[in-house]
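*Asks:* Sequence unavailable; structure follows:
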């Protein structure tokens with residue numbers, strides 16, 4: 001009996017939509033199933049207070065790859081990037097530092113804290129950009145399995161090494177990034193702790209670690225990896241981050257891709273070692289030649305596929321895959337944006353800081369992690385407040401503003417069995433205290449807000465333990481070990497079952513690359529799978 005579809009994609013997060021759109025573009029009859037009532041996964045725009053809409057989870061455009069934008073014609077389907085200002089970092093009182101893409105401007109800022117650091121910054125910038133170029137070359141590679149003693153694996157490994165043969169001695173720089181702490185890595189270059197904290201902040205975003213934790217140097221690189229030439233720059237998306245996934249959905253639909261919402265998948269149906277389709281929660285079944293999962297790896301292998309269809313060693317590796325999260329998100333409706341005590345438009349050269357990091361010092365970042373390390377939320381969390389309504393008037397009533405705040409740390413589970421339902425108001429007070437310290441009186445301008453802690457992020461959009469990357473970005477969870485050894489090439493032990501989500505290479509962030517790469521591998525296999 002003929003299958004209903006060529007491909008069923010589980011989940012309409014951006015990677016699921018990207019994968020589905022590429023497959024539909026190649027002529028495959030494709031169905032995307034989404035458990036929520038709207039598409040987009042963590043890249044959605046939703047009303048969180050009457051009249052106020054927000055990029056409720058992911059909140060800025062920084063990694064969406066130009067290749068995906070170009071291939072799927074996303075600009076033709078509504079993708080418009082709006083500029084964000086240089087990064088503004090208040091340091092307490094009237095002190096601040098600005099970090100800019102403009103190298104000379106950043107040097108001037110650094111010189112206020114260390115002339116030596118300002119002088120060496122261009123060399124550091126070249127060093128980091130060279131490392132980013134090396135990693136970017138690997139983004140579209142399919143991880144090989146170097147341990148399999150088969151001709152195909154040998155051939156693929158040799159081909160990968162040949163394509164990347166020019167890396168040479170620069171590989172040592174990647175090893176430093178993959179193994180060193182952000183603090184140790186930055187200390188080789190800089191003497192000022194203020195400057196280290198500006199750069200080290202990136203290592204803490206979405207990571208259950210502090211800047212002195214080994215392996216966090218790579219997370220700096222991951223956040224700065226976006227290729228903005230051809231992507232419209234980095235910044236805010238008009239209409240919020242949901243405009244990205246809406247554009248991808250419309251692009252795929254022109255090729256016949258179908259999307260069904262309010263359709264949570266309960267099981268991947270497997271027969272004779274091959275995926276045959278899915279059963280959704282209301283009992284309906286859809287058959288397909290193959291199934292692609294945009295769900296995180298733990299959900300796929302521990303909840304959607306029966307264990308008898310999977311090798312015990314894979315299940316053991318999946319259980320060891322680290323997803324414990326301490327990230328939280330606040331969406332704030334306000335009469336006015338935060339007005340920072342240290343901000344002076346004449347000195348900074350821009351009218352308002354739409355993009356801000358609040359963490360005045362490397363020790364501040366480490367202490368925020370210390371609280372989480374021992375099972376509690378940060379007494380003084382680090383915060384990233386951004387104000388898209390300065391440039392996008394579609395998100396709030398006239399004259400009002402939306403402030404998206406990303407913060408750390410708030411552990412998925414709290415010490416002593418404490419209940420997040422009781423503790424969320426206390427975390428909100430701690431976050432507003434940090435904002436009020438830097439922007440006096442801001443909390444008095446708040447109309448309404450929502451606070452999302454890791455259990456909320458898991459419940460609403462399926463982020464495993466609330467982890468924004470679907471799993472830690474550490475050396476043991478990257479490339480051919482993401483999500484597990486032997487199955488990092490977007491395939492699984494079940495024939496006809498693939499992965500395309502952030503649990504796979506190259507990891508999380510709204511890039512679309514896992515979806516692109518998975519679609520490529522599926523199309524390579526398609527003829528022999530039919």
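*Replies:* Nice, I can see it. Computed from a predicted structure; not experimentally measured.

*Asks:* What residues sit buried inside stretch 22-36?
*Replies:* Across stretch 22-36, burial judged by 16 or more other Cβ atoms under 10 Å covers 22-26, 28-36. C-beta coordinates here come from the backbone N, C-alpha and C atoms, glycine included.

*Asks:* Dump those to a markdown table, plus secondary structure, pLDDT and distance to residue 495.
*Replies:* Shown next, in a markdown table, are those (DSSP: H, G, I helix; E, B strand; the rest coil; pLDDT from 0 to 100; distance: Cβ to Cβ, whole Å):
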| residue | secondary structure | pLDDT | distance to residue 495 |
| --- | --- | --- | --- |
| 22 | helix | 98 | 21 |
| 23 | helix | 98 | 17 |
| 24 | helix | 98 | 22 |
| 25 | helix | 98 | 24 |
| 26 | coil | 98 | 20 |
| 28 | coil | 98 | 17 |
| 29 | coil | 98 | 19 |
| 30 | strand | 98 | 19 |
| 31 | strand | 98 | 19 |
| 32 | strand | 98 | 21 |
| 33 | strand | 98 | 20 |
| 34 | coil | 98 | 25 |
| 35 | coil | 97 | 25 |
| 36 | coil | 98 | 29 |
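
*Asks:* Now for the residues you listed: which two are most distant?
*Replies:* The most widely separated members of those, counting by Cβ to Cβ, are 26 and 36 (26.8 Å).

*Asks:* Residue 77 contacts residue 251, doesn't it?
*Replies:* Yes - using Cβ atoms under 8 Å, residue 77 is in contact with residue 251, at 5.2 Å.

*Asks:* more neighbours, those two?
*Replies:* Legend: neighbour count by other Cβ atoms under 10 Å for residue 77 and residue 251, higher for residue 251 (27 against 18).

*Asks:* Stretch 245-258: how far from the chain's middle?
*Replies:* How far stretch 245-258 lies from its chain's middle: 22 Å, per Cα atoms, centre = their mean, to the nearest Å.

*Asks:* which residues of the stretch 401-530 of the chain fall in helices?
*Replies:* For the stretch 401-530 of the chain, applying DSSP state H, counting those that start in this stretch gives helices covering 420-438, 454-461, 513-529.

*Asks:* buried sites along the first one?
*Replies:* Read that as helix 420-438. For helix 420-438, by 16+ other Cβ under 10 Å, it's 420, 424, 427, 428, 430, 431, 432, 434, 435, 437, 438.

*Asks:* likewise the second one?
*Replies:* Of the residues in helix 454-461, those scored as buried under the neighbour-count criterion (16+ other Cβ under 10 Å) are 454, 455, 456, 457, 458, 460, 461.

*Asks:* Repeat that for the last one.
*Replies:* Taking 16+ other Cβ under 10 Å as the basis for neighbour counts, the residues of helix 513-529 that come out buried are 513, 514, 515, 516, 517, 518, 519, 520, 521, 522, 525, 526.

*Asks:* Kindly report the domain assignment for this structure.
*Replies:* According to automatic domain parsing, the chain comprises the domains 5-43+241-322+470-529, 123-223.

*Asks:* can I get these in CSV with distance to residue 392?
*Replies:* Putting those into CSV (distance: least, Cβ to Cβ, whole Å) gives the following:
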stretch, distance to residue 392
domain 5-43+241-322+470-529, 10
domain 123-223, 22
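
*Asks:* Quick check: which of these is nearest to residue 343?
*Replies:* Across the domains of the chain, closest to residue 343 is domain 123-223 (Cβ to Cβ), at 15.9 Å.

*Asks:* ok so, going back, relative to residue 284, which of the helices of the stretch 401-530 of the chain is closest?
*Replies:* For residue 284, the closest of the helices of the stretch 401-530 of the chain is helix 454-461, at 22.6 Å, according to Cβ to Cβ.

*Asks:* The stretch 201-350 of the chain: strands as residue ranges?
*Replies:* Secondary structure of the stretch 201-350 of the chain (DSSP state E, counting those that start in this stretch): strands at 235-237, 258-260, 265-271, 274-280, 285-293, 327-334.
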